[in-house]
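1. model this:
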Amino acid sequence: MPPAPPAREERPDAVPARRFWAVRRVPAGLVALILLGATGLLLYDVAAVRAGHSAMQWRRDLADDLATTPLDNAWVQAGAALAVLLGVWLLVLAATPGLRAVLPMRRRHADVRAGLDRDAVALILRDRAMEVSGVQSARVKARRRRVAVRAVSHFRELDEVRADLDTVVATGIEELGLARPPAATVRVTRPPKKG
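-> As a prediction, this is how the structure comes out:
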C-alpha cells in the first residue's frame with residue numbers, strides 16, 4: 001500500500017480570519033429573565049380571567065391608563081424612547097462581534113482559529129522594545145488597528161533608538177502572525193531631568 005501523501009498546508013490567504021464573537025451571556029440572561037417574568041405574570045392573569053376570576057388590579061390600571069393617556073404625554077414619549085434605545089442596543093449586540101480585545105491570527109488551516117489578547121500583544125512588544133540598546137523604559141498600547149510605543153532613552157541618539165525600535169516593533173508585529181497587523185507609531189523621549 002503506497003504511503004499517504006502529506007497533508008497539504010493551506011495558504012494563509014485562502015482562509016479568512018474573522019473576529020471572535022462574544023457570547024454575551026449577561027444581556028441575554030437579563031432579557032430572558034425579564035421576558036419570562038412579564039409573560040408568566042400576564043399568562044397567569046389571562047388564565048385567571050378565563051377561569052372566571054377578575055383581572056389583577058395592575059392590569060386594569062394599565063388598561064385604563066393606556067386608554068386615557070394621550071400620546072403626546074411626556075412619560076409616554078420617554079417610555080417609547082427608552083424602549084427604542086433598548087431595542088437598538090440589543091440589535092447592535094446581536095449584530096456585532098464584540099470581543100474587541102482579541103486580535104485574530106492568520107489561519108493556515110480551515111478548522112483552526114487562534115487569537116491574541118491585546119494586552120498580550122502589548123506585553124510582547126514591550127519586552128521586545130526593552131531589548132533595544134538605550135531604552136530605559138517602554139510603554140505599549142495595542143489597539144485593533146494601531147500599536148503605540150512610547151520609550152524613554154537614557155543614552156544613544158534618539159534617532160538611532162527610534163530607528164532600532166521601528167525595526168524591532170515591525171518585526172515583532174510580523175512575527176505575531178496577526179491577520180490584520182496593526183500599524184505602529186513609535187515615540188522616543190529623554191527621561192525628565194531631576195532637580
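
2. So which residues of the chain form helices?
-> Chain-ordered helices for the chain, with DSSP state H as the definition, fall at 25-50, 57-68, 74-95, 118-130, 158-176.

3. so where's this protein shaky on pLDDT?
-> Using pLDDT under 70 as the threshold, the predicted model of the chain has low-confidence ranges 1-14, 195.

4. got the contact list for the residue nearest in space to the middle of it?
-> Here the mean C-alpha position of the chain is nearest to the C-alpha of residue 100 (Cα atoms, centre = their mean), at a distance of 2.4 Å. Remark: with contacts taken as Cβ atoms under 8 Å, 6 or more residues apart in numbering, residue 100 is in contact with 19, 144. Every C-beta, even on glycine, is put in place using the N, C-alpha and C of the backbone.

5. Redo the helices of the chain as a markdown table? Include mean neighbour count and distance to residue 19.
-> Putting the helices of the chain into a markdown table (neighbours: other Cβ atoms under 10 Å; distance: least, Cβ to Cβ, whole Å) gives the following:
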| stretch | mean neighbour count | distance to residue 19 |
| --- | --- | --- |
| helix 25-50 | 11 | 18 |
| helix 57-68 | 10 | 43 |
| helix 74-95 | 10 | 13 |
| helix 118-130 | 18 | 12 |
| helix 158-176 | 16 | 16 |
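
6. Ok, which of these comes nearest residue 108?
-> helix 158-176 (14.3 Å; Cβ to Cβ).

7. Would you mind writing the CA trace of the closest one as PDB?
-> Taking Å, rounded to 0.1, in the frame of the first residue of the first chain, the C-alpha atoms of helix 158-176 are listed here in PDB:
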ATOM      1  CA  LEU A 158      17.100  59.500  19.900                       C
ATOM      2  CA  ASP A 159      17.000  59.000  16.100                       C
ATOM      3  CA  GLU A 160      19.100  55.800  16.300                       C
ATOM      4  CA  VAL A 161      17.000  54.400  19.100                       C
ATOM      5  CA  ARG A 162      13.800  55.300  17.200                       C
ATOM      6  CA  ALA A 163      15.100  53.600  14.100                       C
ATOM      7  CA  ASP A 164      16.000  50.500  16.000                       C
ATOM      8  CA  LEU A 165      12.600  50.500  17.800                       C
ATOM      9  CA  ASP A 166      10.800  50.900  14.400                       C
ATOM     10  CA  THR A 167      12.600  47.800  13.100                       C
ATOM     11  CA  VAL A 168      12.100  45.700  16.300                       C
ATOM     12  CA  VAL A 169       8.400  46.600  16.600                       C
ATOM     13  CA  ALA A 170       7.700  46.000  12.900                       C
ATOM     14  CA  THR A 171       9.500  42.600  13.100                       C
ATOM     15  CA  GLY A 172       7.600  41.800  16.300                       C
ATOM     16  CA  ILE A 173       4.200  42.600  14.800                       C
ATOM     17  CA  GLU A 174       5.000  40.500  11.800                       C
ATOM     18  CA  GLU A 175       6.200  37.500  13.900                       C
ATOM     19  CA  LEU A 176       2.900  37.600  15.900                       C
END
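
8. Sounds good, over and out.
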